[in-house]
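> A structural model of the following input is requested.
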Amino acid sequence: MEEKDSKDIDKINNDNEKDKDDREDICYICRRSERIAGKMMHIPNNICICNDCMQKTFDSMNSMSGFDMMGMPFMGMGSDFMEDMGNIPNRQKLKKKQAKPKEDNKEKKTDEEIFDIKNIPLPHIIKSKIDDYVIGQEHAKKVISVAVYNHYKRVAASMKGEDDIEIEKSNMLMLGPTGCGKTYIVKTLAKLLNVPLAITDATSLTEAGYIGDDIESVVSKLLAAADNDVDRAERGIIYIDEIDKIAKKKNVNNRDVSGESVQQGMLKLLEGADIEVPVGATSKNAMVPMTTINTKNILFICGGAFPDLAKIIKNRLTKSSSIGFGADLKDKFDKDENIFDKVQTEDLREFGMIPEFLGRLPIVFALKGMTKDMLVSVLKEPKNAILKQYQKLLEMDEVKLVFEDEALEAIAERAIKKDTGARALRAIIEEFMLDIMYEIPKDDNIGTVTITKDYIDNKGIPKIEMRQGC
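Numbering: from 1, shown residues only. From the prediction side, this is the model:
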């Protein structure tokens, strides 16, 4: 047993040493990586120092000869402190670049050098995979599938140096009420594509110098998703949720540090620029190494519920209303579930999005609100549908769970009244399944439980059938 434990420890140590070999060294003083600062000098306690900092240290020592050296780097520090500070964690170290082959061997270039478009699924394959998890939203799924595929064709063309026709980046803006599947579509994309994807939200973003996350933090999260590999991060996808929360504030006397200023700061990210981001952290400080990432080939997808946008669209559509025959009524679009399909740039500008920001999001599309039929489909059709999850749980107790169609419709009607989209379904199911999940394990003779419409309407109880032979 002891021999087996020692082998496991040796294997872990070997894996850690191999991971260290794949990471760049970080200068202990200036926190620059080996790629930026050059070859490092190694001193005891696993401390690395770049040539520039070592030279500055020697120059300072020469100029301060005869004075107390306790103020110099490493002078007067205990060995325990040096050992703790010298060990920079791997999550704050960058992955080393792969060595490029010689020029006379161009036909053997690897996938790391030239991005292979053949590794990206075709648009119809992307959409079919999303269909397994997201119900409805056919237009939105088609748009995002084509946009992602075209984006990586653009990346492949830029990496091959085909610059006769430069393809512009197509960032996207998704509109739709809460609970319609905006974030879920992007999460499903993360499972399909072999590219790093970071999902963040704009609620905590503030202008530089204020409490909150800097704008560059969205890129640092992508770098973390790429395992600190800069090359992979520079062709990844960033989804920024709750983008409507950074709309320009109206009638505010104080400085708008989380609204228009954040939009202004994001312009360079969306268009493409060299951004200095912290490695292994979301905020910049003296103890965190920094690296530079170019956002030119990073695809940005923004999404938001835009709660008051529907009123702005309705006001624009009914602006010509007047008295008389043929005039549009003021309440003509009050029950229009697909009001976001009629959105225009001027509506988003009135909501609080600045023109420069909208100009860098050329693809704008809307997701439809959840209808009763869509909610019923969400309950039972996706691969990880809520009903399938509960059926799996009861199956472990050798009990079959059945939902009548009328019961599913009653659950959907309750969800519509909550006005939170598909998110309301789980809360309703949890409420009615609580007693069942509590009582069923008590009796080993129960074989089938059927959820009826009367039970959902609080007019009856579920149908319980015993196992054969009991």
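
> secondary structure element for I293, which one?
Of the helices and strands defined by DSSP states H and E, I293 is found in strand 290-294.

> centre of the chain to that strand, how far?
19 Å (CA atoms, centre = their mean, to the nearest Å).

> same check on stretch 140-159?
Averaged C-alpha coordinates place stretch 140-159 at 18 Å from its chain's average position (CA atoms, centre = their mean).

> quick one: contacts of it?
113-117, 120-124, 126-127, 130-131, 134, 166-167, 169-170, 172, 174, 176, 181, 185, 189, 193, 195, 235, 237, 296-297, 299, 301, 363, 365-367 (CB atoms under 8 Å, 6 or more residues apart in numbering). In this view, the C-beta of every residue, glycine as well, is placed from N, C-alpha and C.

> show me which positions of the longest helix belonging to the chain end up buried.
If each helix of the chain is counted by residues according to DSSP state H, the longest one is helix 138-160. Along helix 138-160, the positions that meet the burial threshold by neighbour count (16 or more other CB atoms under 10 Å) are 140-152, 154-158.

> kindly report the same for stretch 352-364.
Judged by neighbour count using 16+ other CB under 10 Å, the buried positions of stretch 352-364 are 352-354, 357-358, 360-361, 364.

> show me these that map onto strands.
The subset of the buried residues of stretch 352-364 located in strands under the criterion DSSP state E comprises V364.

> now pLDDT and distance to I313 too, for the buried residues of stretch 352-364, in a markdown table please.
As requested, the buried residues of stretch 352-364 are arranged in a markdown table below (pLDDT from 0 to 100; distance: CB to CB, whole Å):
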| residue | pLDDT | distance to I313 |
| --- | --- | --- |
| G352 | 90 | 14 |
| M353 | 92 | 14 |
| I354 | 91 | 19 |
| F357 | 93 | 19 |
| L358 | 93 | 15 |
| R360 | 92 | 22 |
| L361 | 93 | 18 |
| V364 | 92 | 13 |
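
> which single one of the buried residues of stretch 352-364 is nearest to M290?
Sorting those by how near they are to M290, with CB to CB, puts R360 at the top with 25.0 Å.

> what's the helix or strand for the residue nearest to the closest one when sequence neighbours are not counted?
Setting aside the residues directly before and after it, R360 is nearest to L270 in space (CB to CB, 6 or more residues apart in numbering), at 3.9 Å. Using DSSP H and E, L270 falls within helix 260-271.

> angle of that helix against strand 290-294?
Per axes from the mean of the first three to the mean of the last three CA atoms, to 10 degrees, the angle that helix 260-271 makes with strand 290-294 is 70 degrees.

> helices or strands next to helix 260-271 in the packing?
Under the contact definition 3 or more CB pairs under 8 Å, 6 or more residues apart in numbering; DSSP states H and E, helix 260-271 sits against helix 355-359.

> all strands of the stretch 151-300 of the chain, in order?
172-175, 197-201, 237-241, 274-278, 290-294, 299-304 (DSSP state E, counting those that start in this stretch).

> next, format the ones you listed as a markdown table and append mean neighbour count, distance to N46 and mean pLDDT.
What follows is the strands of the stretch 151-300 of the chain, written out as a markdown table (neighbours: other CB atoms under 10 Å; distance: least, CB to CB, whole Å; pLDDT from 0 to 100):
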| stretch | mean neighbour count | distance to N46 | mean pLDDT |
| --- | --- | --- | --- |
| strand 172-175 | 25 | 45 | 93 |
| strand 197-201 | 20 | 30 | 88 |
| strand 237-241 | 23 | 34 | 91 |
| strand 274-278 | 17 | 21 | 86 |
| strand 290-294 | 17 | 21 | 87 |
| strand 299-304 | 24 | 38 | 92 |
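
> closest one to C30 among these?
Ranking those by proximity to C30 (CB to CB) places strand 290-294 first, at 9.4 Å.

> which other helices and strands contact that closest one?
In this structure, strand 290-294 packs against helix 34-37, helix 217-225, helix 230-233, strand 274-278, with contacts taken as 3+ CB pairs under 8 Å, 6+ apart.

> point out the most buried one among these.
Looking across these with neighbours counted as mean count of other CB atoms under 10 Å, the highest average goes to helix 217-225: a mean of 22.

> please work out the angle formed by the directions of it and strand 197-201.
Note on geometry: by the same axes, to 10 degrees, helix 217-225 and strand 197-201 are set 150 degrees apart in direction.

> distance check, E350 against I312.
Separation of E350 from I312 (CB to CB, to the nearest Å): 5 Å.

> typed the wrong thing, it's D347
Using CB to CB, we find D347 at a distance of 5 Å from I312.

> neighbour count for those two, which is higher?
When D347 and I312 are compared on other CB atoms under 10 Å, the one with more neighbours turns out to be D347, at 22 against 18.

> show me what contacts that one?
Contact criterion CB under 8 Å, 6+ apart gives 309, 312-313, 316 as the residues in contact with D347.

> check I464 too.
Shown in contact with I464 (CB under 8 Å, 6+ apart): 446, 448-450.

> where's G304 relative to F365, distance?
From G304 to F365 the distance is 13 Å (CB to CB).

> which residues are in contact with each of the two?
With the criterion set as CB under 8 Å, 6+ apart, the overlap between the contacts of G304 and F365 is 174-175.

> where in this protein is the helix or strand with the lowest mean pLDDT?
Evaluated with mean pLDDT, DSSP states H and E, the helix-and-strand set of the chain has its lowest mean pLDDT in helix 79-86, which scores a mean of 48.

> next, the angle from the following helix or strand past it to helix 138-160.
Where DSSP H and E defines the elements, the next helix or strand beyond helix 79-86 is helix 123-131. Here the directions of helix 123-131 and helix 138-160 differ by 130 degrees (the same axes, to 10 degrees).

> go ahead and name everything in contact with helix 123-131.
Defining contact as CB under 8 Å, 6+ apart, one finds that helix 123-131 is touched by 121, 141-142, 144-146, 148-149, 185, 188-189, 191-192.

> could you export those as JSON lines, including pLDDT and distance to E216?
Listed next are these as JSON lines, based on pLDDT from 0 to 100; distance: CB to CB, whole Å:
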{"residue": "P121", "pLDDT": "81", "distance to E216": "31"}
{"residue": "K141", "pLDDT": "92", "distance to E216": "31"}
{"residue": "K142", "pLDDT": "93", "distance to E216": "33"}
{"residue": "I144", "pLDDT": "92", "distance to E216": "25"}
{"residue": "S145", "pLDDT": "92", "distance to E216": "29"}
{"residue": "V146", "pLDDT": "92", "distance to E216": "29"}
{"residue": "V148", "pLDDT": "88", "distance to E216": "24"}
{"residue": "Y149", "pLDDT": "88", "distance to E216": "28"}
{"residue": "I185", "pLDDT": "89", "distance to E216": "26"}
{"residue": "T188", "pLDDT": "85", "distance to E216": "27"}
{"residue": "L189", "pLDDT": "84", "distance to E216": "23"}
{"residue": "K191", "pLDDT": "78", "distance to E216": "27"}
{"residue": "L192", "pLDDT": "80", "distance to E216": "27"}
